[in-house]
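Asks: Pasting the sequence and the predicted model now:
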2 protein chains.
Amino acid sequence: MDFIKEKLEQGEYRLTRQRQVILDVMQEAEGEHLTAEEVLLAARRQSPRLGIATVYRTLERLASLGILYKSRFDEGKHRYEMADASQHHHHHIQCVGCGRIFELAEGLLDGIENEVNQQGFAVINHRLTIYAMCPQCKSE
Amino acid sequence: MDFIKEKLEQGEYRLTRQRQVILDVMQEAEGEHLTAEEVLLAARRQSPRLGIATVYRTLERLASLGILYKSRFDEGKHRYEMADASQHHHHHIQCVGCGRIFELAEGLLDGIENEVNQQGFAVINHRLTIYAMCPQCKSE
DNA sequence: GTAAATGCAAAGCGTTTGCAGTCGA
DNA sequence: TCGACTGCAAACGCTTTGCATTTAC
């Protein structure tokens, strides 16, 4: 949390009440991938007058500082998670039954990445999403 | 094209002039991934009064029949391509410079898929997107 | 003839922006 | 103090929907 405060200050950004609340929400949601709407709902329990625009602006700022990681699955909306929790987890399994998202180990694609680089590309990032039925939904 | 007509008729759907035009556009765009807007623009050269709603409805129908393949990259919109051209090409390299999309061979992920299945999931589909600078943009 | 498909316009959703007022450093 | 931030509402881009009209079979 101190490290986050530092990062904000370095950029001449302010740690407002709203940002604290949003950060709390994100940290409590360890392992989940929240939409802006979900963040708003949770954060309003602490800060009822919070507006959706502030949520978006905050999430965007935190993502650009590398505090949050922003991703988009096969939906029309973005999802956010703490960057340290995500730690390069750009690989997910999305359950087509319940919509939950599971993590997949990093480094699975190192070989493929090298191959692409050898074809003349400069790989910057990658994302793998597997669509599956999770064990729970499968048994229902 | 006959095979497409057949598929439409099986579902009691009609091969209208608009659908033919849209199919033509998609077939001429071999290897490209078009947005609805791009399809509209191209199709209007043949059918000037064509509306965007028809494009969406047609693309949706064709995708649900397996004639088109619909995907979403890290943008706010969908892209479509002929399913036979895509032939399981759910793997792409998207250039962060020019936005162009390159294909990646299928089957790269078979090993990973097996592993996930062994963890109790039932894998249905998967998608890999690599973000990179393409050789051309890299040299600029 | 009749069900399906069209074009238009309006509404939907997630997201962004403009602006006057507020607040943190 | 003063620039960053907020809340609100209006606008945005992509997509979907309602409805009266047209069209394919």
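Replies: That came in fine, so what should we check first?
Asks: quick one, what contacts the nearest residue to A:L104 once chain neighbours are set aside?
Replies: Nearest non-adjacent residue to A:L104, counting by C-beta to C-beta, 6 or more residues apart in numbering or on different chains: A:H91, 3.8 Å away. Every residue, glycine included, has its C-beta placed from N, CA and C. Residues in contact with A:H91, defined by C-beta atoms under 8 Å, 6 or more residues apart in numbering or on different chains, are A:E103, A:L104, A:A105, A:E106, A:L108, A:L109, A:R127, A:L128, A:T129, A:I130.
Asks: pretty sure the second one is touching A:L128, no?
Replies: If I follow you right, that is A:L104. Yes - judged on C-beta atoms under 8 Å, A:L104 makes contact with A:L128 at a distance of 6.9 Å.
Asks: more crowded one of the two?
Replies: The residue with more neighbours, out of A:L104 and A:L128, is A:L128; 21 against 18, by other C-beta atoms under 10 Å in any protein chain shown.
Asks: tell me which element that one is part of?
Replies: Using DSSP states H and E, A:L128 maps to strand A:122-133.
Asks: how about the residues of chain A that lie near DNA strand C?
Replies: Residues of chain A that fall close to DNA strand C, judged by C-beta under 7 Å from any atom of the strand: A:14-17, A:35-37, A:52-53, A:56-57, A:60, A:76-78.
Asks: Return a PyMOL selection command for the buried portion of those.
Replies: Buried members of the residues of chain A next to DNA strand C, defined by 16 or more other C-beta atoms under 10 Å in any protein chain shown, are picked up in PyMOL with:
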select buried, chain A and resi 36+78
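Asks: How about the residues of chain A by chain B?
Replies: Applying C-beta under 8 Å from any C-beta of the partner chain, one finds that chain A approaches chain B through A:72, A:74, A:76, A:93, A:96, A:104, A:108-109, A:112-113, A:116, A:119-135, A:138.
Asks: Please check the residues you listed and keep the buried ones.
Replies: Listed as buried from those are A:72, A:93, A:104, A:109, A:112-113, A:116, A:121, A:123, A:126-134; burial here means 16+ other C-beta under 10 Å.
Asks: Would you mind giving the domain segments of chain A?
Replies: For chain A, automatic domain parsing gives the domain ranges A:2-82, A:90-139.
Asks: Minimum distance to DNA strand D: which of those domains has it?
Replies: Closest of the domains of chain A to DNA strand D is domain A:2-82, at 3.2 Å (criterion: C-beta to the nearest atom of the strand).
Asks: where in chain A is pLDDT low?
Replies: Low-confidence segments of chain A (pLDDT under 70): A:1-2, A:85-89.
Asks: what are the bridge partners for the residue nearest to A:L104, then?
Replies: Judged by DSSP bridges, the bridge partners of A:H91 are A:L128.
Asks: distance of it from B:P135?
Replies: Distance from A:H91 to B:P135, counting by C-beta to C-beta, to the nearest Å: 26 Å.
Asks: ok, back up a step: name the next helix or strand downstream of the strand holding A:L128, please.
Replies: Sequence-wise, the next helix or strand downstream of strand A:122-133 (DSSP H and E) is helix A:135-138.
Asks: isn't A:R100 right up against A:C134?
Replies: Yes - taking C-beta under 8 Å as the definition, A:R100 is a contact partner of A:C134 at 6.4 Å.
Asks: coming back round to it: the domains of chain A into TSV, with extra columns for distance to B:I22?
Replies: Shown next, in TSV, are the domains of chain A (distance: least, C-beta to C-beta, whole Å):
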stretch	distance to B:I22
domain A:2-82	23
domain A:90-139	27
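Asks: mind checking which of those is nearest B:R45?
Replies: B:R45 sits nearest to domain A:2-82 of all the domains of chain A, at 29.6 Å, using C-beta to C-beta.
Asks: Spatially, what comes nearest to A:A122 if we skip its sequence neighbours?
Replies: Among residues not flanking A:A122 along the chain, B:M133 sits closest, at 4.2 Å (C-beta to C-beta, 6+ apart).
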